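> With the sequence up front, the predicted model follows.
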Amino acid sequence: MKKMIGLFVFLFLIGSQMVIAQSKQISGTVTSADDGLGMPGVSVVIKGTTIGASTDIDGKYSLKAEASDVLMFSFVGMVTQEITVGNQSVINVVLESEAIGVEEVIVTGYTAHRKSEVTGSTVQVSGETLADMPVTNIEQALQGRIAGVNITAASGTPGSQQKIRIRGRSSITAGNDPLYVIDGVPIIGGSVSNLTSTSSLSAIAALNSNDIETITVLKDATATASYGARGANGVIVITTKSGKSGKAKINFSATYGISNDAVDGPSVLTGAEREELFYEALINTFGEDNNFNDQAGARAYYEANTRAFRSDYLDWNAVGRPETDWADLITNDNAKMQEYNLSVNGGKEGVNYYVSGGYLKQEATVIGSELEKFSGTVNLDVDLTPSLKLSTKNTATHMFLDGLLEGSAYFSSPRSSKFFMPSIDQPYTEDGRLDYENTSLPNPLFIAREDIDEQKYTRIITNNSLTWNTPIKNLSFTTKMSIDFQVFNNKTYDNPLRGDGDGDRRGRGSAASRNRATYVFQNILNYKLSLDGGHEFDFKAIQEYEERRRYFMEAGANNFADVGLTNLSSAGNPTFTDSEYTDTKQASYLGLIHYAYQGKYVADITYRREGSSLFHPDHRWGDFWAIGGAWNVNRESFMANYEFIDMLKLRASYGKSGNNDIGINKYQALLSYDANYAGEGASYPGTFGNDQLSWETSYSLDIGIDFGFFNNRLSGSVGYYNRETRRMLLEEPLPPSTSFESRQANIGRMENKGWEFEFKVDVVRSNDFNVFVGGNVATNDNEVLELAKDPNGEYRLITESTRRVEPGHPVYGWYMPTWAGVDAETGDELWYVDGEGSAKTNVFNDANKVWQGGSAIPKLTAGLNLHVDYKGFFLDASAFYAGGHKVFEHWNRYTNGTDRFSVQFYQGIDALLDRWQKPGDQTRFGKFEYTTRQWRRSSKFLYDGDYIRLRDLSVGYDFNKNITDSMGLGGLRLFVRGTNLLTWVKEDYLKYDPEVDDDGFTGMETPPVKSFIFGVNVKF
């Protein structure tokens, strides 16, 4: 606080030395060179200040200025003009259109600078790119558009959380999600769902993409260090739309379409194929001892011993061998999606407004699931006085998700039944009723009808600021208050007849409620200083306070009084209750200095001191900082003869950011009070604690070149980054004598480094015909450098069934036995004892785990974008590639086993037909046997994860202005848009969706959807 007061006094003394000249009223009209008409909404600002005005509907403006002031007239798509006031009192301006050369302004949350003055690695996507996209979550629209940003869907169910990794994975057990900032204020992202077993619901899905002005992804230290403790994983800055002065503009859009799974997954065995393999298992296991060696003998042996082998196939044959396509039954073909948005923006006499409302309804591609969303936005900017401006931005959203079990291979999940349910089971009884009693697994049609999984989520965000242009020239003060209020309710019910609520449970249900409120207060002091010779300074001092309050309550019960009663009040046996209240706080002090000299040299200095209640008071505060510089070489005098160079900027930055994304109370040794001792409440040691716990920190180096040639027909950037995470927030193993398995500690180092390339080429540029191609390529090399050590100085490794964390390897690298194929003489599966090239064994437990190379983190990602327009017709396409990583088929035991799991208990896939039958066979799968084998997690089911996906393809027509004018419209667009239309996968054996998150496991979740959307956009 003392530093802030000192800075304020310093700035005040500078201002007090300035001569306050006599201001006068300046007025005039701004017209367009294209049609000579007055231009509403033109920004007229005194250069170097925030003092200004906007033109009215007739293009007129008025403001007070001094003779020495320079007025800047700017409008999107027009050439900015600067005019010195001098002795003029009327200044009329004609703005010329110039799509080429209008410099983009990059918004980074706390600041906004021209692209040539940005020293860090930032990429901005305009709201026009996001508008009319058939996505329920705006993050989906970013994949493939920004180098170094990898986005995967937790599920294709509407509204599900998206997993975003910016430049790889920076932490092992702490959070890896980026920070979200809306209109300069940090907000909560992630999933709001309280259960991991059901469909997730994203907090970011509450935002309406049609209300977004820009999305900026911050990747390097100069951009992220200003966010201190939460910037280590990157920052996604979202700016919402504001009103513009002038006549009210109304925009209405409507879309309607259908969706199907982008990937079908593996095909399963038919009933006849499954029966054939079952008899082979009997032959290979019992044939020699019981004198049979063919299908007929095996069938006879089976029918004579149905008490030992179950009578499934006998019963199936008796009813005529009917085949059930469970995949078809649980799939909601051509799932419907509809969305409507209406917005109005305008302004007059110091009041600008933007108001919108939206409605979306989307069915899932799985039966029994859909999302419904209502959203509304009211944004106002009001000039209370010539020096005092009020801004308020408010959005409210309510979502309802009818979800399903899909977080794992739950047997009541319709997705798992698609792959697990035997095709010889029948969904209906002979009299046409749903058969819930006789199927091997719960009938998914019955479960979809009887069970309940409802999630309701309401989110209200209000962001309010008051800006005062103080009497001291170029000094402004802004105070902000933001409230993010969320209400979540979840209800589940499992029927008592079949499924997770059957048997002794006699029905099972739960209900959960969570209220979460986040308060953010900011005070911002901004001073701009211009000195003779072209020296421009921008000073910012910011104080920020954030508090998050969360209240959660949950209860469960079973033994419902009757079928169809689903509320807990109808259950006779309460099974659990839980309630929690958490309150976390963060406080920060931030200083920013931005310097530019004649547009050639740019420097940024950032310092942030931040404290978090998640750490012990002695280690609560952390220091985060960054320095960055840029050199616009093209603006040097010695470059004057190189007219083809429009931009050539060298930039570099280095800094420190942090991560505190862990649970509460990790630093404290606490008692837990949820024990029962002889009918009395009891306590016991709950957490070990670590009073030395503090920030996880990341040190980032970023070096790059931004370029634009031939009137920016060729533009892009090349960059290198190196980010080292130190003092990681990691679970440290503890000795058994402590009675605890682990505690949170600051241990270890990890590194991510790589190259990033972005480019755009205007192949054709004209009034009627335009073609451009854009793209990006990014590499990522992840390596663990250090971990905790035991008393002997050896690293304490983190080892799982298929992965390991060890210095010298990628985080969670693949670590398992190596498959050696099938013995052509015996049909036995083989594994290498100590990795490829060593001796082979047919005993799985004799095969040692070894490194398989790589991890689930892609080493290479790329995006490609194409745009073509001709006299109103347009085509846009984008594709995404990820490769250099490996994916593991997680549930292979259930569907890929040459044993009873595939031909008696569950349902095998048709790839099993490539199995060993006789000596000499060269096959992928060994011989079938009547047994139940243990899990054999080996490299056999570890696949190259490379894939390419056509993310987006749209064609449409923008009606000619003459036509829309005759119709009394401001614009009219018709379009057809498709998403995830094509998917190419490198590995033939990888049949599940390749777009998995950074754990690398395929799952039973709904894959991304392939959509066809028809839309209309009308402007009035």
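On my side now, so go ahead. The shown structure was predicted, so the numbers you read here are calculated from the model rather than taken from an experiment.

> for the stretch 1-150 of the chain, which spans come out with low pLDDT?
1-22, 34-36, 76-77, 97-103, 131-135 (pLDDT under 70).

> where exactly do the strands run in it?
Taking DSSP state E, counting those that start in this stretch as the test, the strands found in the stretch 1-150 of the chain are 24-32, 43-46, 52-54, 60-65, 70-74, 81-84, 93-95, 105-107, 112-114, 122-126, 149-153.

> Does the last one pack against any helices or strands, and if so which?
It refers to strand 149-153. If contacts are counted by 3 or more CB pairs under 8 Å, 6 or more residues apart in numbering; DSSP states H and E, strand 149-153 sits against strand 162-166. In short, each C-beta sits where N, CA and C put it, glycine included.

> Please state the offset of the strand it packs on from the chain centre?
Chain-centre distance of strand 162-166: 4 Å, with CA atoms, centre = their mean, to the nearest Å.

> Quick check: which helices or strands does that strand pack against?
strand 149-153.

> The strand it packs on to strand 122-126, inter-axis angle?
On the basis of axes from the mean of the first three to the mean of the last three CA atoms, to 10 degrees, strand 149-153 is oriented at 50 degrees to strand 122-126.

> can you put the strands of the stretch 1-150 of the chain in TSV and add mean neighbour count?
Shown next, in TSV, are the strands of the stretch 1-150 of the chain (neighbours: other CB atoms under 10 Å):
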stretch	mean neighbour count
strand 24-32	18
strand 43-46	20
strand 52-54	21
strand 60-65	18
strand 70-74	19
strand 81-84	14
strand 93-95	18
strand 105-107	19
strand 112-114	16
strand 122-126	18
strand 149-153	24
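
> Ok, which of the ones you listed comes nearest residue 221?
strand 122-126 (11.7 Å; CB to CB).

> who's in contact with that closest one?
104, 106-108, 141-142, 145-147, 213-220, 223, 758 (CB atoms under 8 Å, 6 or more residues apart in numbering).

> Give me the sheet partners of that strand and which way each runs.
Here strand 122-126 has these sheet partners by DSSP bridges: strand 212-218 (antiparallel).

> Show me what counts as buried in the helix or strand that comes right after the strand it pairs with.
Towards the C-terminus, the helix or strand next in line after strand 212-218, according to DSSP states H and E, is helix 221-224. Neighbour counts using 16 or more other CB atoms under 10 Å place 221, 222, 223, 224 of helix 221-224 among the buried residues.

> I'd like the strands of the stretch 1-150 of the chain as CSV, with distance to residue 1013 appended.
Output for the strands of the stretch 1-150 of the chain, formatted as CSV (distance: least, CB to CB, whole Å):
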stretch, distance to residue 1013
strand 24-32, 35
strand 43-46, 35
strand 52-54, 36
strand 60-65, 41
strand 70-74, 35
strand 81-84, 41
strand 93-95, 37
strand 105-107, 29
strand 112-114, 33
strand 122-126, 20
strand 149-153, 18
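
> Which among the ones you listed is found nearest to residue 995?
Ranking the strands of the stretch 1-150 of the chain by proximity to residue 995 (CB to CB) places strand 149-153 first, at 5.1 Å.

> by how many degrees do the closest one and strand 162-166 diverge?
Using the same axes, to 10 degrees: strand 149-153 against strand 162-166 is 160 degrees.

> Format the CA atom coordinates belonging to strand 149-153 as PDB.
Extracted C-alpha coordinates of strand 149-153, given in PDB (Å, rounded to 0.1, in the frame of the first residue of the first chain):
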ATOM      1  CA  VAL A 149      -3.300 -24.300 -27.600                       C
ATOM      2  CA  ASN A 150      -4.700 -27.800 -27.400                       C
ATOM      3  CA  ILE A 151      -8.400 -28.200 -26.700                       C
ATOM      4  CA  THR A 152     -10.100 -31.600 -26.000                       C
ATOM      5  CA  ALA A 153     -13.700 -32.300 -25.000                       C
END
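
> Sheet partners, orientation included, of that strand?
Strand 149-153 has these strand partners (DSSP bridges): strand 162-166 (antiparallel).

> Identify the residues contacting the strand it pairs with?
Outside strand 162-166, the residues touching it (CB under 8 Å, 6+ apart) are 137, 139-140, 142, 148-154, 176-178, 202, 204, 217, 219, 233-234, 236, 857, 997-998.

> hmm, back to that, between the strands of the stretch 1-150 of the chain, which one is closest to residue 955.
Between residue 955 and these, the tightest spacing by CB to CB is seen for strand 122-126, at 20.0 Å.
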